[in-house]
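Engineer: model the structure of this input:
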Amino acid sequence: MTKCQPTIASAGQQKGSLLSSMLLLLLFAGGILMFADYILQPDRFPVSRISFIGEFRHVEKSALQENVAPYIGNNFFAIDLQKLEAALRDIDWVSDVSVSRRWPDTLQVNVKEQRLIAAWNKAGWVTSDATIVELPGLKMPGLPLWSGPDGTQVLVQLRSQQFSSLLADVGMQLRKLSYSQRGAWQISASNYLRNEQISIRLGRRDMQDRLYRFARAYGQTLGKLEQRLISVDLRYPNGFAVKWNSIEETTPVNAG
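Structural biologist: The predicted structure is shown next:
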């Protein structure tokens with residue numbers, strides 16, 4: 001009988017220790033809830049400052065301020081940043097936005113603005129997210145000119161990236177890109193070192209392969225000649241035709 005007493009005492013001690021741990025845990029959790037309730041009270045830790053960071057070439061800063069104004073005076077910790085960001089993204093010309101807290105009373109708004117990357121048809125412009133906007137009277141001569149049927153700007157943007165990469169390898173820059181209703185592509189490219197403006201007809205099939213063959217020939221021979229190119233027709237199965245600035249007739253070139 002006496003041998004069982006230590007076991008009974010040990011079990012009681014374990015039970016008491018478990019209850020003590022649970023009580024401490026409840027007290028700790030209660031303390032956290034009380035602290036959270038204190039700091040989240042609407043009248044405590046009010047936001048009093050808004051900081052905007054961005055270029056703001058097209059985004060109206062007043063529109064940002066209007067959307068953020070209702071949050072002034074709200075609890076610093078209780079503000080729903082994701083909801084505020086979603087509202088700010090709906091503003092014209094805003095590409096992306098992030099809002100962060102800066103202790104003790106500031107919200108910092110970082111705004112990424114949409115960029116114009118090309119002129120579109122006669123009066124439009126293409127933004128960095130392939131949206132068409134109309135800005136009458138705007139002049140930005142450094143941007144390329146794209147043209148195509150309505151709704152094809154995403155495809156034209158993709159082709160522009162592909163063609164520009166091939167041309168850049170031989171020192172040329174894409175200035176104009178045209179996509180016709182029948183699906184044919186045409187390029188205007190420049191080589192400023194040679195004072196060259198070249199019209200390039202790609203056709204409707206195998207555009208990248210055709211342009212690659214031309215770029216290779218241009219880098220090896222055509223771009224080193226004294227005569228300057230005016231136009232190139234790549235719609236031939238095994239080569240292309242070129243026109244020089246001092247020659248009226250076209251000259252066939254075997255691309256190999």
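Engineer: only C-alpha atoms for contact and neighbour calcs from this point on.
Structural biologist: Noted.
Engineer: correct me, but N245 touches I230?
Structural biologist: Yes - at 5.8 Å, N245 counts as touching I230 under the criterion of CA atoms under 8 Å.
Engineer: with neighbour numbers in mind, choose between these two.
Structural biologist: Set N245 next to I230 and count neighbours by other CA atoms under 10 Å: I230 wins out with 17 against 11.
Engineer: in contact with that one, which residues?
Structural biologist: E196, Q197, I198, S199, V242, K243, W244, N245 (CA atoms under 8 Å, 6 or more residues apart in numbering).
Engineer: phi, psi of R210?
Structural biologist: As for R210, its main-chain torsions (degrees, to the nearest 10) stand at phi -60, psi -40.
Engineer: any idea how far it lies from V232?
Structural biologist: 11 Å (CA to CA, to the nearest Å).
Engineer: mean confidence score for stretch 60-76?
Structural biologist: Stretch 60-76 carries an average pLDDT of 92.
Engineer: go on, stretch 103-123?
Structural biologist: Stretch 103-123 comes out at a mean pLDDT of 93.
Engineer: just stretch 165-182 next, same as before
Structural biologist: Mean pLDDT, computed over stretch 165-182, is 96.
Engineer: so how far is it off the chain centroid?
Structural biologist: 21 Å (CA atoms, centre = their mean, to the nearest Å).
Engineer: span of that stretch from start to end?
Structural biologist: 25 Å.
Engineer: and the contacts of that stretch?
Structural biologist: Contacts for stretch 165-182 (CA under 8 Å, 6+ apart): 143-149, 156, 160, 163-164, 185-192, 211-212, 215-216, 218-219.
Engineer: now the buried members of those residues.
Structural biologist: Buried subset of the contacts of stretch 165-182 (neighbour count, 16 or more other CA atoms under 10 Å): 144-148, 156, 160, 163-164, 185-191, 211-212, 215-216, 218.
Engineer: keep only those of the residues you listed that are in strands.
Structural biologist: L145, W146, S147, W185, Q186, I187, S188, A189, S190, N191 (DSSP state E).
Engineer: which parts of the protein are strands?
Structural biologist: Using DSSP E, strands in the chain cover 49-53, 94-102, 106-113, 116-120, 124-127, 132-134, 145-147, 173-179, 185-191, 196-203, 229-233, 239-244, 251-254.
Engineer: no further questions, thank you.
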